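Peer 1: test case, fold it:
(2 chains)
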Amino acid sequence: MLAVIRPDSWNLPLFLHVLGAVILFGATATVAIAGFAGLRWKDHAPLLSRLALRTWLLAVVPSWILMRVAAEWILGKEFPDKTPGWVDVGFTVSEGGGILLLVLGAVAWRWARREGTGGAGTAVSWLASIAVLALGVAVFAMSAKP
Amino acid sequence: MSTYQWLLFFHVTGAFLLLGGGVVAGALNLAAVGRDRPSEILLLFGLIRIAVGAILLGTLLAFVFGLWLVHEAGYGYGDGWVITAIVLLVLGNALGGIGGRRDDRTAQLAREYAAAGDAPSPELRARVRDPISLALSYGSGLVLVALLAIMIWKPGA
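Peer 2: Now for the predicted structure:
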């Protein structure tokens, strides 16, 4: 197989898209870890609930925006007319995932407001885990392009 | 799916585990820097171990399947961008590893203070905010971002 070369003008949007996606992946995983840890170590739940909310606000939201805006940027260059199926999978995950992440933020805010008590910690843990798994599906679609 | 598609999937999955694990470690480290109670610092440093597992697995996947991809896609092992990528991968992991060992000693100190009443200590506070440890850990992250840029631009390919 010959070396796979893409036009230079695609590199910056692709870099920003992948950078946004890996930060989103790590930040969402951090929220999930904080959630599960808060369920296990109740005396540290106030700290962990604030960590989940701050991570959502300062890392999850900006990285989702970076990933999504850069995706539109490169899409306009690579597929100006019709998008292939693997791109549609990415859109489905990022847009459905965007709604999921908004719900996650609302629940994380409620958990932090209640100082790490109540059932919101369970919801934060599982919603963030589902979002991480959805990102895994997107990684498969974006990289393998089946 | 072709062999190339499978190799790319495992290589990119490795990159996500490596860089995503770095983001998790960075977020938990940053949270620890803002804390004073030894038990809280101990907990946050303990959670970083989950990220270290992802980083190690990601490094292995990205390296092995990356080398395989070089052959499969028709690049050369002597290409400048391939050598630069390997050097950056080793450098990033070395910096993170050295920083991690310093953090392990800080976690041990936090464990001792937590067992002895969990009162804030200036010594522990200074260790958590140690500029050398922070520079090693965050320097490692910057090296990995540079590695991502090399993998996308492939200068000279």
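Peer 1: does the residue lying farthest from the centre of chain B count as helix, strand or coil?
Peer 2: What lies farthest from the middle of chain B is B:Gly117; by CA atoms, centre = their mean that is 32.3 Å. Classification of B:Gly117 using DSSP: H, G, I helix; E, B strand; the rest coil returns coil.
Peer 1: and the gap between it and chain A?
Peer 2: Using CB to the nearest CB, to the nearest Å, B:Gly117 is found at 15 Å from chain A. The C-beta positions use only the backbone N, C-alpha and C, and glycine is treated the same way.
Peer 1: which strand or helix spans residue 19?
Peer 2: Reading this off chain A. Per DSSP states H and E: A:Leu19 is located in helix A:11-40.
Peer 1: oops, wrong one, chain B.
Peer 2: Element membership for B:Leu19 (DSSP H and E) is helix B:3-33.
Peer 1: residues contacting the closest residue to chain A within chain B?
Peer 2: Using CB to the nearest CB, the closest approach of chain B to chain A is made by B:Val23 at 2.5 Å. For B:Val23, the contact set (CB atoms under 8 Å, 6 or more residues apart in numbering or on different chains) comprises A:22-23, A:25-27, A:29-30, A:59.
Peer 1: and with 6 Å instead?
Peer 2: Counting by CB atoms under 6 Å, 6 or more residues apart in numbering or on different chains, B:Val23 touches A:23, A:26-27.
Peer 1: can you select the buried ones from those residues in PyMOL?
Peer 2: This is how PyMOL selects the buried members of the contacts of B:Val23, with burial counted by 16 or more other CB atoms under 10 Å in any protein chain shown:
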select buried, chain A and resi 23+26+27
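Peer 1: element containing the closest residue to B:Ser39 other than its chain neighbours?
Peer 2: Distance criterion CB to CB, 6 or more residues apart in numbering or on different chains; nearest residue to B:Ser39, sequence neighbours excluded, is B:Ala114 at 4.2 Å. In this assignment (DSSP H and E), B:Ala114 forms part of helix B:80-115.
Peer 1: find the nearest non-adjacent residue to the residue most central in space within chain A, please.
Peer 2: Central residue of chain A (CA atoms, centre = their mean): A:Leu24, 3.9 Å from the mean position. Distances taken as CB to CB, 6+ apart put A:Ser63 closest to A:Leu24, at 4.1 Å, once the chain neighbours are dropped.
Peer 1: so who does that neighbour touch?
Peer 2: By CB under 6 Å, 6+ apart, the contact list for A:Ser63 reads A:20, A:23-24, A:27.
Peer 1: any bit of stretch A:86-101 sitting next to chain B?
Peer 2: No: using CB under 6 Å from any CB of the partner chain, stretch A:86-101 never reaches chain B; the gap is at least 10.2 Å.
Peer 1: what about that stretch, distance to the chain center?
Peer 2: Centroid separation for stretch A:86-101 versus its chain: 10 Å, with CA atoms, centre = their mean, to the nearest Å.
Peer 1: pull out the buried residues from that stretch.
Peer 2: Result for stretch A:86-101 [16+ other CB under 10 Å]: buried residues A:87, A:89-91, A:93-94, A:97, A:100-101.
Peer 1: beyond the helix holding B:Ala114, next helix or strand please.
Peer 2: Defined by DSSP H and E, the subsequent element after helix B:80-115 is helix B:122-128.
Peer 1: which other residues reach the helix or strand just after that following helix?
Peer 2: Downstream of helix B:122-128, the next assigned helix or strand under DSSP H and E is helix B:131-153. Under the criterion CB under 6 Å, 6+ apart, residues A:11, A:14-15, B:19, B:22, B:26, B:29, B:81, B:84-85, B:88-89, B:91-92, B:95-96, B:98-99, B:102 lie in contact with helix B:131-153.
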